[in-house]
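Asker: here is my input, please return the structure:
(2 chains)
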Amino acid sequence: KNEVEQSPQNLTAQEGEFITINCSYSVGISALHWLQQHPGGGIVSLFMLSSGKKKHGRLIATINIQEKHSSLHITASHPRDSAVYICAVRARGATNKLIFGTGTLLAVQP
Amino acid sequence: GAVVSQHPSWVICKSGTSVKIECRSLDFQATTMFWYRQFPKQSLMLMATSNEGSKATYEQGVEKDKFLINHASLTLSTLTVTSAHPEDSSFYICSARVSGGRPDTQYFGPGTRLTVL
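Answerer: I've put the predicted structure just below:
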């Protein structure tokens, strides 16, 4: 079992829909990252969380440390949101390494 | 925001040749840079951690003589794939941590797609 699990693996949505991507992890962490990777490959860091909730534009990220779970929400989804969304955690005590989930491929159709 | 660049963005080379990939932090200093490899439809795999002025730390299974890493300055790290083979074809991504910043602050480069013929 992977230390970081994402669901769903693939998600197709219609433009305007509210989208949720989930991330569960099995290790104690110091931080959790949500990353976005577009088809060209470049990675953009969306959020870094250690507790609570963060919002940036139409994106919202939440984390529940006790339940070892985080969610990424996209409101009013748009085709340009189509990308792979990756959850990554930094295990507590491991100052260098991120542990990556396998990603969620999101396709937003017009 | 902080920017990490990679050069080249893509490269095609013949088997047996060496390829150098550069990773630069454009507007911040990075004492630590990371090199990842990503195969199609798979997640990023850490290859090595590069610290400025010292030898890189390689992950288990990564050949240090094949993947040469040099972190010569606080803004530049290079990865050289020596004697490249077709199985080295992959997407290579670097990431940089801000010097003196929070340990969790890490920025990613746009990646370099290597194809070995």
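
Asker: only C-alpha atoms for contact and neighbour calcs from this point on.
Answerer: Will do.

Asker: identify the residues contacting the residue of chain A found nearest chain B.
Answerer: For chain A, the residue closest to chain B is A:G42, as judged by CA to the nearest CA, at 3.8 Å. By CA atoms under 8 Å, 6 or more residues apart in numbering or on different chains, A:G42 lies in contact with B:108-111.

Asker: now B:A84: how far from B:A56?
Answerer: Distance of B:A84 to B:A56, computed by CA to CA, to the nearest Å: 20 Å.

Asker: repeat for B:S9
Answerer: 23 Å.

Asker: immediately after the helix or strand of chain B with the lowest mean pLDDT, which helix or strand?
Answerer: Least confident element among the helices and strands of chain B, by mean pLDDT, DSSP states H and E: strand B:106-108 (a mean of 86). Next along the chain after strand B:106-108, taking DSSP states H and E as the criterion, comes strand B:112-116.

Asker: that following strand near chain A anywhere?
Answerer: No. Judged by CA under 8 Å from any CA of the partner chain, strand B:112-116 and chain A are separated, with a smallest distance of 8.5 Å.

Asker: partner strands of that strand, parallel or antiparallel?
Answerer: The strands beside strand B:112-116 in its sheet (DSSP bridges) come out as strand B:10-13 (parallel), strand B:90-97 (antiparallel).

Asker: hmm, the following helix or strand past the first one in reach of chain A?
Answerer: Right, strand B:10-13. Sequence order places strand B:19-25 as the next helix or strand after strand B:10-13, per DSSP H and E. No. Using CA under 8 Å from any CA, strand B:19-25 never reaches chain A; the gap is at least 13.2 Å.

Asker: note down every partner strand of strand B:19-25 and its orientation.
Answerer: Partners of strand B:19-25 in its sheet, by DSSP bridges: strand B:4-7 (antiparallel), strand B:76-81 (antiparallel).

Asker: now for the next helix or strand after it, which elements pack on it?
Answerer: Using DSSP H and E, the helix or strand that follows strand B:19-25 towards the C-terminus is strand B:32-38. Identification of packing neighbours for strand B:32-38 by 3 or more CA pairs under 8 Å, 6 or more residues apart in numbering or on different chains; DSSP states H and E yields strand B:45-51, strand B:90-97.
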